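Colleague: Have a look at this prediction, sequence included:
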Amino acid sequence: MSPCAQTLWSATTVPTIERDPLRGAIRAEVVVVGAGYTGLSTALHLSEAGRAVVVLDSHRVGDCASGRNGGQVIPGLKYDPDDLEQMFGASLGAKLVATVAGGPDLVFDLIRRHGIDCQPIRNGWLQLATSEATLRPLMKRVAQWRDRGAAVDLIDSAETARLTGSQRYCGGLLDRRGGTVHPLKYVQGLATAVERAGARLFTHSAAVRLARAGGEWQVSTPNGSVTSPQVVLATNAYSDEFVGALRRTFVTVPSLQVATAPLSPELLRGILPERQSVSDTWRLLRYFRLDGTGRLVMGSRGTFGRTSPIDAAQPQYRAVREIYPQLAGVPFDYHWSGWVAVTPDHLPHLHEVAPGVVAGLGYNGRGVAMATTMGALLAKQVLGEPATELGFPVTPIRPMMLHPLSRWGAAAAIQYLRLLDAFARAASTRSS
């Protein structure tokens, strides 16, 4: 997958932000490696606190995950609030729940404060049940969030059909905290805000070496270096062997999205009329939304290996027409892929790599809100906030055992889950 291949998002925005590569030796109070949501949110919060920050990226701003995702702003994590409190204890668990619940608030507040033109819409996020069996866990999720004062409602099949324009789902939840953004414009807006706040940004400046230098850290690039007492690693799924142990804490899995041609006004009156974003409850979930040009955008897990882009997109084409039979004959204008960092416990992680070196990663498909939140957390940690007050656990790096085999395991798991979903859809069709 070429990081510079055109996506719907790159086709519907101005040329992405590109700066001169780093040349020569410079100093900073903090160096941030990675100019995606995590790194730029970190740099923005640090710069606003008065720190002298340098941001390095190996590509242009938004070439990787932050400019290629679905643009869904989703609160929370994969786990329900009660589960998180059980996993981390009542005190830290409650703080963690509050932290991840506030992700969309942070995103839309940054957009407002910095005047980021990224087509923000905050009409909610729909998580929809594909069967009565998958509806029951959603009912529990609604109850737990409502107990914590969140604006989350259970919706029946009729309301689901009205809000989506599809008869495919039997109900679900509407989380009014969620929304959508143009993901590439959002990351570009963050980069602009970072530079306005005084940080220096260098693109085409891959970090290739991290070493101690006179009691500080030195991050080297092909043509320069930055010396700093503190380093933030914010490369997530696009981490490489720069810090090899970090790369081995997660598995990269492919995500592939497709976008239709702009829909007619007649179709748009019935399909997602209130512009919510949607995820469903298949084992390999599908997520979809409308963009600012009236295209339906749908994504799901992609395929490993050397499959041609057109062949890889076929499952998404079929999914669009299964959910929306009324779109038969509507052509597809774009398809593109990217990588998602999936952790063994399906939780994001804030790591203390070494004294003065921290990292945040592992958003498991919820990167817009969670990566922005992680940036704020990393900034607080760099500024000296005690770990007990962060509202998020700080953990050492724990590389996965047999990590070289994890890619094969992930590929096999995706194929297995895809097969189970296909059988379930076939059975549902026969019984309807």
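Modeller: Okay, I see it.

Colleague: Residue 88 versus the residue nearest to residue 394 when sequence neighbours are not counted, what's the distance?
Modeller: Closest residue to residue 394 apart from its sequence neighbours, by C-beta to C-beta, 6 or more residues apart in numbering: residue 387 at 4.5 Å. All C-beta atoms are positioned from the backbone trio N, CA, C, and that covers glycine. Noted for residue 387: a distance of 13 Å to residue 88, by C-beta to C-beta, to the nearest Å.

Colleague: burial measure for residue 211, as a count.
Modeller: Neighbours of residue 211 under the rule other C-beta atoms under 10 Å: 10.

Colleague: what does residue 69 give?
Modeller: By other C-beta under 10 Å, the residues close to residue 69 number 29.

Colleague: ok, and the closest non-adjacent residue to the spatially most central residue of the chain?
Modeller: Most central in the chain under C-alpha atoms, centre = their mean is residue 367, positioned 1.7 Å from the mean C-alpha point. Nearest residue to residue 367 in three dimensions, chain neighbours excluded: residue 69, at 5.7 Å (C-beta to C-beta, 6+ apart).

Colleague: what's the helix or strand for the one you found?
Modeller: Using DSSP states H and E, residue 69 sits in no helix or strand.

Colleague: quick one, what contacts it?
Modeller: Going by C-beta atoms under 8 Å, 6 or more residues apart in numbering, residue 69 touches 183, 255, 338, 367-368.

Colleague: now residue 115
Modeller: Residues near residue 115 by C-beta under 8 Å, 6+ apart: residue 189.

Colleague: Would you mind giving the contacts of residue 69 as CSV with distance to residue 191 and secondary structure added?
Modeller: Output for the contacts of residue 69, formatted as CSV (distance: C-beta to C-beta, whole Å; DSSP: H, G, I helix; E, B strand; the rest coil):
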residue, distance to residue 191, secondary structure
183, 13, helix
255, 23, strand
338, 18, strand
367, 16, helix
368, 15, helix
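
Colleague: out of these, who has the most neighbours?
Modeller: Neighbour-wise, the contacts of residue 69 (other C-beta under 10 Å) top out at residue 367, 29 neighbours.

Colleague: OK, contacts around it?
Modeller: By C-beta under 8 Å, 6+ apart, residue 367 lies in contact with 37, 65-66, 69, 236, 340.

Colleague: ok, it to residue 139 distance?
Modeller: Distance, residue 367 to residue 139, by C-beta to C-beta: 27 Å.

Colleague: Check the residue nearest to residue 247 when sequence neighbours are not counted and give its pLDDT.
Modeller: Closest residue in space to residue 247, ignoring its immediate chain neighbours: residue 239 at 4.6 Å, by C-beta to C-beta, 6+ apart. The score at residue 239 is 87. That number is its pLDDT.

Colleague: how close does residue 239 get to residue 341?
Modeller: Distance from residue 239 to residue 341, counting by C-beta to C-beta: 8 Å.

Colleague: With residue 297 instead?
Modeller: Counting by C-beta to C-beta, the gap from residue 297 to residue 341 is 21 Å.
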